[in-house]
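S.K.: need coordinates for the below:
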Amino acid sequence: MDNETIRTHIVFPKALVEAVDDLVGQRKRSAFVAEAVAEKVEREHMARALVETAGSLDPDSHPEWATGEMISAWVRKSRDIDNEISNRKLARFRPS
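M.R.: Numbers count the residues shown, from 1 in each chain. This next block holds a predicted model:
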């Protein structure tokens with residue numbers, strides 16, 4: 001997204017505006033709302049992409065995803081690998 005801004009009129013429930021103001025204050029309201037909307041837009045794009053690509057993988061090409069349990073094991077293994085990589089990278093910055 002670019003940094004150009006425009007002023008727009010949006011109507012919110014009073015309680016929601018008060019909740020935002022309690023969190024960030026009136027002077028940071030616009031930035032907070034813009035960030036929240038950007039996150040929602042990204043989620044909507046992802047949801048559409050998931051719908052459009054559903055079923056595009058050939059199940060025979062991924063036998064490790066045959067059952068829920070196998071998928072869970074695959075996810076755990078992938079996360080473990082990612083954690084190991086992250087820990088190695090972080091170790092470079094830790095004091096000896």
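S.K.: give the residue spans of the protein that score low on pLDDT.
M.R.: In the prediction, the chain carries residues with pLDDT under 70 at positions 1, 96.
S.K.: next up, the contacts around Leu23.
M.R.: By Cβ atoms under 8 Å, 6 or more residues apart in numbering, the contact list for Leu23 reads Phe32. Placement of C-beta: from N, CA and C, glycine included.
S.K.: next, it: phi, psi?
M.R.: With angles defined as degrees, to the nearest 10, Leu23 sits at phi -80, psi -50.
S.K.: just Val11 next, same as before
M.R.: Main-chain dihedrals, Val11, degrees, to the nearest 10: phi -100, psi 130.
S.K.: for Val17, see how far away it is.
M.R.: Shown here: Val11 relative to Val17, a distance of 10 Å by Cβ to Cβ, to the nearest Å.
S.K.: for Ser78, same thing?
M.R.: Per Cβ to Cβ, Ser78 is found 41 Å from Val17.
S.K.: between these two, which one's more packed in?
M.R.: Each of Ser78 and Val17 has its neighbours counted (other Cβ atoms under 10 Å); Val17 has more, 14 against 10.
S.K.: which residue is the nearest non-sequential neighbour of that one?
M.R.: For Val17, ignoring the flanking residues on the chain, the nearest one in space by Cβ to Cβ, 6 or more residues apart in numbering is Arg29 at 7.4 Å.
S.K.: mind checking the SS state of the one you found?
M.R.: helix (DSSP: H, G, I helix; E, B strand; the rest coil).
S.K.: dump the residue contacts of it.
M.R.: Arg29 touches 17, 20-21, counting by Cβ under 8 Å, 6+ apart.
S.K.: go on, Ala66?
M.R.: Ala66 neighbours (Cβ under 8 Å, 6+ apart): Pro59.
S.K.: that's all I had, so thanks and see you.
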